[in-house]
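K.L.:
Have a look; sequence and predicted model below, questions after that.
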Amino acid sequence: MLTTRCCVDFSDLFPFAPEVGYFGLTLVSFFGSLVPFVPLPSFLLLATMAVGDQFNIHVLAIISAITSTAAKQIIFYVSYGGRKIITEKTRKRMRPFERLVKRYGAGAAFFAAATPIPDDLVYVPLGLAKYNPKRFFIATFTGKLVLSYVIVLISHFLGLSLVDPFLEDIDDATPIYIGIIGFGGMLTGVVILLLRLDWAKILGKFAPWTLDDVNDDKKDSKD
């Protein structure tokens, strides 16, 4: 006797079907990237829309890159101004870490944007460190464009066969949504932990140059 096994369709993982078009992708990509640590729904929609020939893959990649970069600029600038609302004690703890991310800022921003890692773990410290906004924008947009093209090209030419095995035993999308929210909450806790760690002790052993306090008082007086 043959039995059929139900599974979640890829498009069931988010409320927008590919029929929503480019405008729908714009909304999902922007707001999905604006919410810290949970960009997965926008990745899924982008991948789904890239399958077949209904949409231009170059337009899809550019829309995704522009909208996600715009959202990350907001997160960056919120963090950029966030230094004024955190305590002086926290700022002193963060200074070694700020120096570390500023030295490798462009490379770190590009790597975070071009890979599916939780990029806000890089962007928030860069904002707190008052990294150069123009360099941040260029690195982030370039990285997002690379990632968007990777997603659309793989989806367009290989279809969704790469992810189907992960969905075949799932018949309800609710646990996936709960997992995404839980993951976002966990990473938010990681950012809070970053603000509480004593970075002088952590970085002093292998990056002693991050402990250099020369001109910090002058810089803080200008903030």
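P.N.:
Arrived safely.
K.L.:
How about the secondary structure of residue 116?
P.N.:
Here residue 116 is recorded as coil under DSSP: H, G, I helix; E, B strand; the rest coil.
K.L.:
Can you give me the neighbour number for it?
P.N.:
For residue 116, the neighbour count with other Cβ atoms under 10 Å is 12. Just so you know, the C-beta spots here come from the backbone N, C-alpha and C atoms, and that holds for glycine as well.
K.L.:
Quick check, it in contact with residue 44.
P.N.:
No - using Cβ atoms under 8 Å as the test, residue 116 is too far from residue 44 to be in contact (11.6 Å).
K.L.:
Please identify the buried residues of stretch 111-126?
P.N.:
For stretch 111-126, a neighbour-count test (16 or more other Cβ atoms under 10 Å) marks 112, 113, 114, 118, 119, 120, 121, 122, 123, 124, 125, 126 as buried.
K.L.:
Restrict that stretch to CA atoms and write it as CSV.
P.N.:
Taking C-alpha atoms only, stretch 111-126 is exported to CSV below (Å, rounded to 0.1, in the frame of the first residue of the first chain):
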residue,chain,number,x,y,z
PHE,A,111,32.3,39.4,4.4
ALA,A,112,29.3,39.7,6.6
ALA,A,113,27.2,41.0,3.6
ALA,A,114,28.4,38.4,1.1
THR,A,115,27.7,35.4,3.4
PRO,A,116,24.6,34.2,5.1
ILE,A,117,26.0,34.8,8.6
PRO,A,118,24.2,37.1,11.1
ASP,A,119,25.7,40.3,9.7
ASP,A,120,24.3,42.5,12.4
LEU,A,121,26.9,41.0,14.7
VAL,A,122,29.4,42.9,12.6
TYR,A,123,27.4,46.0,11.7
VAL,A,124,26.4,47.0,15.2
PRO,A,125,30.0,47.1,16.5
LEU,A,126,31.0,49.1,13.4
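K.L.:
Please enumerate the helices of the protein.
P.N.:
Taking DSSP state H as the criterion, the chain contains helices spanning 21-34, 40-50, 57-82, 88-103, 105-114, 120-128, 133-158, 164-167, 174-196, 199-203, 216-222.
K.L.:
What's the mean pLDDT across stretch 102-111?
P.N.:
Stretch 102-111 shows a mean pLDDT of 88.
K.L.:
Contacts for that stretch next, please.
P.N.:
101, 117, 122-123, 126, 129, 131-132, 135-136, 138-140, 142-143 (Cβ atoms under 8 Å, 6 or more residues apart in numbering).
K.L.:
OK, contacts around the residue lying closest to residue 212 once chain neighbours are set aside?
P.N.:
Nearest residue to residue 212, sequence neighbours excluded (Cβ to Cβ, 6 or more residues apart in numbering): residue 99, at 7.4 Å. The contact partners of residue 99, by Cβ under 8 Å, 6+ apart, come to 129, 209, 210, 212.
K.L.:
Check which residues of stretch 104-111 are buried.
P.N.:
Applying a neighbour-count criterion of 16+ other Cβ under 10 Å, one finds 105, 106, 108, 109, 110 buried in stretch 104-111.
K.L.:
for stretch 127-134, same thing?
P.N.:
Quick answer for stretch 127-134 (16+ other Cβ under 10 Å): 127, 128, 129, 130, 131.
K.L.:
For this protein, give me the ranges with low pLDDT.
P.N.:
The model of the chain has pLDDT under 70 over residues 1-20, 36-41, 83-87, 160-188, 190-191, 194-195, 213-223.
K.L.:
ok, residue 98 touching residue 129?
P.N.:
Yes - Residue 98 lies in contact with residue 129 (Cβ under 8 Å); the separation is 3.5 Å.
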